[in-house]
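A.B. asks: here are the coordinates; sequence isn't available:
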């Protein structure tokens with residue numbers, strides 16, 4: 001049974017945080033064409049604090065007319081303003097201003113993140129403080145990224161390959177890490193010279209609004225960044241509109257497939273960062289207790305609501321029972337508590353429907369014959385809040401529902417393998433391919449396994465990601481990459497230019 005944390009100091013800190021006013025200037029408006037405007041129709045969405053189930057605030061919901069206005073603003077800014085014609089170094093200056101502004105607002109953004117989706121405040125503070133670095137990273141790329149490369153053509157005197165902005169970008173982000181997800185899209189898009197319509201998730205719109213307030217504060221040219229919150233129907237309008245050249249989406253694979261089909265019908269560009277059912281392969285030379293502790297700690301991140309979570313743990317059959325017990329003991333000892341309590345290791349799930357979803361999957365696991373090692377229910381002592389116990393299943397068949405479908409909650413499945421070859425087969429036996437890791441003391445063995453795992457990222461002895469190296473998935477985990485130099489390419493189109501002479505004052509860096 002997971003322990004319940006409540007301390008007098010932490011209760012005071014949580015009460016103080018919840019007593020503060022919502023740190024947003026215009027939650028009742030939309031940021032369109034450089035101005036805060038009221039939605040055309042009075043409509044709003046209620047954001048509920050997942051730790052208390054109480055109303056936090058309401059956000060304006062955009063309708064069809066508002067979405068059309070946002071797209072029109074972005075289209076004008078791309079077609080008629082100087083923005084796409086600026087030198088990359090000039091746009092980089094704007095990115096650095098955004099980074100500085102976000103650092104100034106880090107406290108507000110981290111509080112919003114915790115209040116909206118229940119992420120531990122200790123984690124939200126550390127993560128939000130790093131968001132500005134994403135914008136700085138892309139600003140730094142302006143110095144040496146090959147936006148234009150000169151060639152000697154077979155015919156003609158001068159040739160170059162120019163990478164130009166793709167155009168208007170519709171950026172759609174998920175509710176679990178909205179500020180980071182927005183940065184992975186907005187920063188490269190702006191550096192490339194694109195204009196953006198950022199569609200915030202109704203469940204967690206606050207961080208996108210902080211970004212909009214920073215854009216207004218620094219005087220970002222009108223229409224370059226437009227921010228609104230919308231439901232699924234209006235969001236699909238963004239995907240369908242022919243004035244939008246590219247969609248950048250993070251969310252479920254089900255929605256991603258629909259976006260791909262719509263974009264394919266009109267030949268729009270798209271990148272998709274989708275779901276996962278990521279394996280952790282524990283080889284026989286690695287200490288079971290250490291692996292169990294590392295995996296239990298990693299699964300506490302965002303309370304298990306991470307697309308790249310290592311939720312399928314594959315271990316040799318002869319070590320399966322011992323490992324399942326070790327993992328159950330480590331995960332079952334995790335301290336559940338208020339996300340503002342510094343002693344908490346696991347907070348609530350983001351919303352009631354998410355807890356219902358996790359509970360449904362736990363019931364399916366039991367019904368399909370997996371053995372429940374720990375958890376599986378709502379924790380004692382929490383009359384309010386969308387809490388669920390950290391849960392471990394053992395003896396899970398790799399074809400079982402809980403082994404194949406993304407749960408998006410703190411639920412781990414231990415799967416037995418006959419040998420190393422079988423473990424790799426099991427790891428790859430999924431429609432997903434977002435993340436993976438290999439636990440072994442032999443780095444050469446880890447490298448061999450990494451090359452065989454069909455996954456966008458493969459780590460060694462723990463959960464590993466590095467946004468500067470790029471992030472994305474194989475198979476139904478997505479299309480394209482976000483972060484790093486590869487994350488800039490989807491926002492650019494290549495153009496071949498062949499001339500009979502050298503242009504006057506030619507400078508490939510502009």
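C.D. replies: Received the coordinates, thanks. None of the values given here were measured: they were computed from a predicted structure.

A.B. asks: C-alpha only now, for contacts and for neighbours.
C.D. replies: Fine.

A.B. asks: where does the stretch 401-510 of the chain dip in pLDDT?
C.D. replies: 508-510 (pLDDT under 70).

A.B. asks: cutoff 80 now
C.D. replies: Residues of the stretch 401-510 of the chain that meet the criterion pLDDT under 80 lie in 507-510.

A.B. asks: show me where it has strands.
C.D. replies: Along the stretch 401-510 of the chain, the segments classed as strands by DSSP state E, counting those that start in this stretch run 411-417, 435-439, 457-460, 478-479, 492-499.

A.B. asks: now these in JSON lines, please, with extra columns for distance to residue 207 and mean neighbour count.
C.D. replies: Shown next, in JSON lines, are the strands of the stretch 401-510 of the chain (distance: least, Cα to Cα, whole Å; neighbours: other Cα atoms under 10 Å):
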{"stretch": "strand 411-417", "distance to residue 207": "27", "mean neighbour count": "27"}
{"stretch": "strand 435-439", "distance to residue 207": "26", "mean neighbour count": "27"}
{"stretch": "strand 457-460", "distance to residue 207": "27", "mean neighbour count": "22"}
{"stretch": "strand 478-479", "distance to residue 207": "24", "mean neighbour count": "24"}
{"stretch": "strand 492-499", "distance to residue 207": "26", "mean neighbour count": "15"}
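
A.B. asks: looking at these, which is closest to residue 224?
C.D. replies: Nearest to residue 224 among the strands of the stretch 401-510 of the chain is strand 492-499; the distance by Cα to Cα comes to 16.1 Å.

A.B. asks: including distance to residue 124, could the strands of the stretch 401-510 of the chain go into JSON lines?
C.D. replies: Shown next, in JSON lines, are those (distance: least, Cα to Cα, whole Å):
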{"stretch": "strand 411-417", "distance to residue 124": "22"}
{"stretch": "strand 435-439", "distance to residue 124": "22"}
{"stretch": "strand 457-460", "distance to residue 124": "23"}
{"stretch": "strand 478-479", "distance to residue 124": "26"}
{"stretch": "strand 492-499", "distance to residue 124": "32"}
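
A.B. asks: wait, which of these is closest to residue 150?
C.D. replies: Of all the strands of the stretch 401-510 of the chain, strand 492-499 comes closest under Cα to Cα, at 9.3 Å.

A.B. asks: who does that closest one pair up with?
C.D. replies: Each strand paired with strand 492-499, and its direction, by DSSP bridges: strand 158-165 (antiparallel).

A.B. asks: contact partners of the strand it pairs with?
C.D. replies: With contact meaning Cα atoms under 8 Å, 6 or more residues apart in numbering, strand 158-165 is reached by 84, 146-153, 189, 192-194, 491-502.

A.B. asks: low-confidence stretches in the chain?
C.D. replies: Those would be 1-13, 507-510, if you go by pLDDT under 80 across the chain.

A.B. asks: do that again at 70, thanks
C.D. replies: For the chain (pLDDT under 70), the answer is 1-10, 508-510.

A.B. asks: what's the domain layout of it?
C.D. replies: 9-274+476-495, 278-466 (automatic domain parsing).

A.B. asks: how about the ones you listed in JSON lines, adding distance to residue 507?
C.D. replies: Listed next are the domains of the chain as JSON lines, based on distance: least, Cα to Cα, whole Å:
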{"stretch": "domain 9-274+476-495", "distance to residue 507": "9"}
{"stretch": "domain 278-466", "distance to residue 507": "34"}
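
A.B. asks: how many residues are close by residue 303?
C.D. replies: Neighbours of residue 303 under the rule other Cα atoms under 10 Å: 27.

A.B. asks: could you do the one 4 residues further on as well?
C.D. replies: By the measure other Cα under 10 Å, the count of residues near residue 307 is 24.

A.B. asks: quick one: it and residue 159, what's the gap?
C.D. replies: Using Cα to Cα, to the nearest Å, residue 307 is found at 43 Å from residue 159.

A.B. asks: which residues does the spatially most central residue of the chain contact?
C.D. replies: Nearest to the geometric centre of the chain sits residue 181, at 4.5 Å (Cα atoms, centre = their mean). When contacts are counted by Cα under 8 Å, 6+ apart, residue 181 touches 173, 174, 250.
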